[in-house]
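[1] Structure for the following, please:
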Amino acid sequence: MMNKLLTIAFFFLVFSDSMCLRLWIVSGKFRTVEDTRENKTYQKTRSFLKAKQWLEYKLDPEVSKIKEENQDAGTIKGIGQIRCYVPYGIGEVDANEHEFQYEVTIRDGSATMLVNKIFSFIRDPNDIILNYGPKDERVAKVTIRSCFKPLMDDFFEYIK
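    Next comes the predicted model:
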């Protein structure tokens with residue numbers, strides 16, 4: 001009886017939060033990337049609308065959504081998910097899906113994108129999450145360099 005209770009308690013501890021194993025994940029400061037670009041073609045109203053369009057079409061529509069937007073302030077906040085393969089190295093399970101939070105700020109001549117709380121994983125054919133991460137600073141840097149830097153480059157190019 002005690003073994004069953006311990007097993008059930010362990011199951012809920014490990015698989016809480018929609019079956020996502022988020023234990024032993026690297027600090028949030030390593031799962032954050034921010035970029036600001038200045039370009040005279042950035043226009044507060046036009047670039048804001050293009051940024052909103054990019055976020056709706058580029059990010060996975062099943063999970064991603066804009067939570068808060070203020071066109072007067074030029075800000076958009078939300079949750080995003082992308083698919084991008086990241087090889088973590090020998091003996092580790094790679095990741096190909098990444099959830100994150102984002103904040104976009106558009107001004108005349110300037111745009112900023114902040115991506116934080118990056119959570120990387122892979123699903124098996126039964127839709128069960130098998131991996132979690134980034135697990136350490138090295139893996140977080142690989143994930144940002146491989147997936148989020150190109151994503152941000154595409155974003156800033158699109159909103160011009």
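[2] ok, how many other residues are close to the closest residue to F30 other than its chain neighbours?
    Among residues not flanking F30 along the chain, A140 sits closest, at 4.0 Å (Cβ to Cβ, 6 or more residues apart in numbering). All C-beta spots, glycine's among them, are computed from the backbone N, C-alpha and C. Neighbours of A140 under the rule other Cβ atoms under 10 Å: 23.
[3] for Y85, what are its contacts?
    94-96, 146 (Cβ atoms under 8 Å, 6 or more residues apart in numbering).
[4] of these, buried ones?
    95-96, 146 (16 or more other Cβ atoms under 10 Å).
[5] So what does T41 look like in phi/psi?
    Phi and psi for T41, reported as degrees, to the nearest 10, are phi -80, psi -10.
[6] That one contacts K160, correct?
    Yes: using Cβ atoms under 8 Å, T41 makes contact with K160 at a distance of 4.5 Å.
[7] Residues that sit against both of those two, list them.
    Contacts common to T41 and K160, judged by Cβ under 8 Å, 6+ apart, are S47.
[8] between the two, who's got more neighbours?
    A direct count of neighbours by other Cβ under 10 Å for T41 and K160 places K160 higher, at 14 against 9.
[9] Buried ones in the helix or strand Y102 falls within, by neighbour count?
    Element membership for Y102 (DSSP states H and E) is strand 95-107. Using 16+ other Cβ under 10 Å as the test for burial, strand 95-107 gives 95-102, 104-107.
[10] repeat for stretch 141-157
    Neighbour-count burial for stretch 141-157 [16+ other Cβ under 10 Å]: 142-144, 146-148, 151-152, 155-156.
[11] what helix or strand does S120 sit in?
    strand 110-121.
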